[in-house]
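Novice: turn this into a model:
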Amino acid sequence: MTNSAQPKSSWLAAALVLAIGLSLVAATQPAQAQTLTLLHSFSNGADGSYPQAGLTMDRAENLYGTTGSGGLPNHCVSFGCGTVFKLTYKNSGWLLYTIYSFLGGTDGDGPTSRLVFGPDGALYGTTLYGGQGNCNGDGPNCGIVFRLQPPAGVCRAFQCPWTETILFRFEGGVYGGIPEGDIIFDPAGNIYGTTAAGGYTGGNCGSFGCGVVYELSQSNGHWNETVLYAFYGGADGQQPNGGVIRDAAGNLYGTTTEGGGSSNCGSGCGKVFELSPSQGGWTNNTLYAFQGLNDGALPYAGLTLDAAGHLYGSTSSYGSGSGGTVFELAPSGGSWVFSTIYELSGRFLGGPQGALTLDGAGNLYGAAQYDGANNVGSVFNLTRMNGSWVYTDIHDFMPQGDGGWLFDGLVLDSKGNIYGTAFHGGIHGYGNVFEITP
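Specialist: You can find the predicted model right below:
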């Protein structure tokens, strides 16, 4: 399947200022004194609204992100189809620049995955909808993969346009559709990702499909899709919502939100999978299938890989506190050892939906979607001490003021400051970008 790249440009006005392991930690630290600052509160205007994706940071520590709606009123009715923004620190404050506004239709609609810098220095990402195909009865809505390139040379204007190139439009069916997880690059510049829909239909998958893992490779100016694996539901898993990560040997790792074989969660509690390349294609290995007990269930978020080859992830629900879990998978003698690091307390489906962030000292940072003292989200830290993990509640969001509903993970700067997005709240109620300083 081949799609031709189609360039387009747009720019807008700015806006300112989870064997179940035995390593469950016994120590919990209370919320520490941290300072939360709202860097930008979205207004549902040209700056966008309702950010679901986390942030990306460049070498100069500028922040980049997306909003799921807002921007230009167009094919997505008055709410807009979403935006891409840049936040820059200037003159003791943060300035937000809207660098692209999606148009809907054959263009993208609803970016909800984190942006990533490609080998060419451009920004790459996906939108859930728009493009082509018919994935939920109201096409074109199977999503796209896009590239955004900054303007050539130095821009001295307050606003500078970035140029969008559509690399690929999903069609649904066997090709997959609705690309929900983050994308990654391999050393050769190929792109890997997952779709929540498409692939195999029937059985547990129904007409929606159980989702696929795909690769995009470039040839003669075109980006070609190869479906590396299509999930079949049941023990095989379904709905790989969190994207994939890649190790040095080229193996891909990810999670499926449902499937995996357990009957405790209806259509399955989800699993962690490995896709290994071979001459005959790709082999799907189940590293762990969740049981919906103290191990948690429904892992919506993707995985994080450390230098020792350990995998870290989270589940959105179950566990002894009902609010999901944080887990580790360690390679050992050709197999994997699973352990629960921490069981979160909170609402059903209130646990993390974004990948954990690993700092240079091996500490983990996460954002719980609805958990926390006020049931609208929290930011936490897990620190390894004396062979166990210590949980620290960094910040509990409030329904009013600093907002809540944290749909993705966090990013850290060189000073240890924490940045993320809240889907709801802020000054206008349309979400915000926040910073937490020690």
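Novice: in the protein, which helix or strand is least confident?
Specialist: When the helices and strands of the chain are scored by mean pLDDT, DSSP states H and E, strand 6-10 comes last with a mean of 38.
Novice: so where's the chain uncertain?
Specialist: Confidence mapping of the chain against pLDDT under 70 gives the ranges 1-33, 74-75, 77-78, 137, 153-159.
Novice: at 50 instead, please
Specialist: 2-27, 30 (pLDDT under 50).
Novice: where do the helices sit along it?
Specialist: Assigned by DSSP state H, the helices in the chain number zero.
Novice: contacts only, for the nearest residue to Thr325 once chain neighbours are set aside.
Specialist: Spatial nearest neighbour of Thr325, chain neighbours left out: Gly296 (3.3 Å); criterion: C-beta to C-beta, 6 or more residues apart in numbering. Where you see a C-beta, it was placed from the backbone N, CA and C, and this is true even at glycine. By C-beta atoms under 8 Å, 6 or more residues apart in numbering, Gly296 lies in contact with 18, 290, 314-319, 324-325, 327, 340, 343, 351.
Novice: how near is Gly296 to Thr226?
Specialist: 32 Å (C-beta to C-beta, to the nearest Å).
Novice: same thing with Gly80?
Specialist: Counting by C-beta to C-beta, the gap from Gly80 to Thr226 is 33 Å.
Novice: the two: which has the busier surroundings?
Specialist: Gly80 (27 against 15; other C-beta atoms under 10 Å).
Novice: can you pull the contacts of the residue nearest to the more buried one when sequence neighbours are not counted?
Specialist: The spatially closest residue to Gly80, leaving aside those adjacent along the chain, is Gly71, at 3.8 Å (C-beta to C-beta, 6+ apart). The contact partners of Gly71, by C-beta under 8 Å, 6+ apart, come to 12, 46, 48, 80-83, 98, 101-102.
Novice: again, only using 6 Å
Specialist: Contacts of Gly71 were listed using C-beta atoms under 6 Å, 6 or more residues apart in numbering, and they are 48, 80, 82-83, 101.
Novice: as a markdown table, the contacts of Gly296 with neighbour count and distance to Gln238 would be great.
Specialist: Putting these into a markdown table (neighbours: other C-beta atoms under 10 Å; distance: C-beta to C-beta, whole Å) gives the following:
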| residue | neighbour count | distance to Gln238 |
| --- | --- | --- |
| Leu18 | 35 | 16 |
| Phe290 | 33 | 13 |
| Ser314 | 32 | 19 |
| Thr315 | 31 | 16 |
| Ser316 | 29 | 15 |
| Ser317 | 26 | 16 |
| Tyr318 | 28 | 18 |
| Gly319 | 26 | 21 |
| Gly324 | 36 | 19 |
| Thr325 | 30 | 20 |
| Phe327 | 29 | 20 |
| Thr340 | 24 | 23 |
| Glu343 | 24 | 25 |
| Gly351 | 35 | 19 |
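Novice: which members of those occur in strands, if any?
Specialist: 314, 324-325, 327, 340, 343 (DSSP state E).
Novice: and the residues you listed as CSV, adding distance to Phe434?
Specialist: What follows is the ones in strands among the contacts of Gly296, written out as CSV (distance: C-beta to C-beta, whole Å):
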residue, distance to Phe434
Ser314, 20
Gly324, 21
Thr325, 25
Phe327, 26
Thr340, 29
Glu343, 26
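Novice: between these, which is nearest Lys271?
Specialist: Closest approach to Lys271 among these (C-beta to C-beta): Phe327, at 11.8 Å.
Novice: what bridges to the closest one?
Specialist: Beta-bridge partners recorded for Phe327 (DSSP bridges): Gly313, Thr340.
Novice: can you get me a residue count around Val174?
Specialist: 14.
Novice: what do you get for Thr421?
Specialist: Neighbour number of Thr421 under other C-beta under 10 Å is 31.
Novice: for the residue nearest to it when sequence neighbours are not counted, what are its contacts?
Specialist: Counting by C-beta to C-beta, 6+ apart, Thr421 lies nearest to Pro51, which is 4.0 Å off, once chain neighbours are set aside. Applying C-beta under 6 Å, 6+ apart, we find Pro51 in contact with 65, 67, 421, 431.
Novice: let's see that with 8 Å instead.
Specialist: Taking C-beta under 8 Å, 6+ apart as the test, what Pro51 contacts is 42, 65-68, 421-423, 431-433.
Novice: for the stretch 201-350 of the chain, which segments count as strands?
Specialist: For the stretch 201-350 of the chain, the strands defined by DSSP state E, counting those that start in this stretch occupy 212-219, 222-230, 244-246, 252-256, 271-278, 281-289, 304-305, 311-314, 322-332, 335-345.
Novice: now the contacts of Pro51 in TSV, please, with extra columns for distance to Asp413.
Specialist: Shown next, in TSV, are those (distance: C-beta to C-beta, whole Å):
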residue	distance to Asp413
Phe42	21
Gly65	15
Thr66	19
Thr67	22
Gly68	24
Thr421	15
Ala422	18
Phe423	22
Gly431	21
Asn432	18
Val433	13
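Novice: please flag which of those sit within strands.
Specialist: Per DSSP E, the contacts of Pro51 map to strands at 65-67, 421-422, 432-433.
Novice: closest to Gly189 out of those residues?
Specialist: Proximity of those to Gly189 was ranked by C-beta to C-beta; the top entry is Thr66 with 22.4 Å.
Novice: give me the nearest residue to the closest one, chain neighbours excluded.
Specialist: Pro111 (3.9 Å).
Novice: now do Ile418
Specialist: Leaving aside its chain neighbours, Ile418 sits nearest to Ile436 (4.2 Å; criterion: C-beta to C-beta, 6+ apart).
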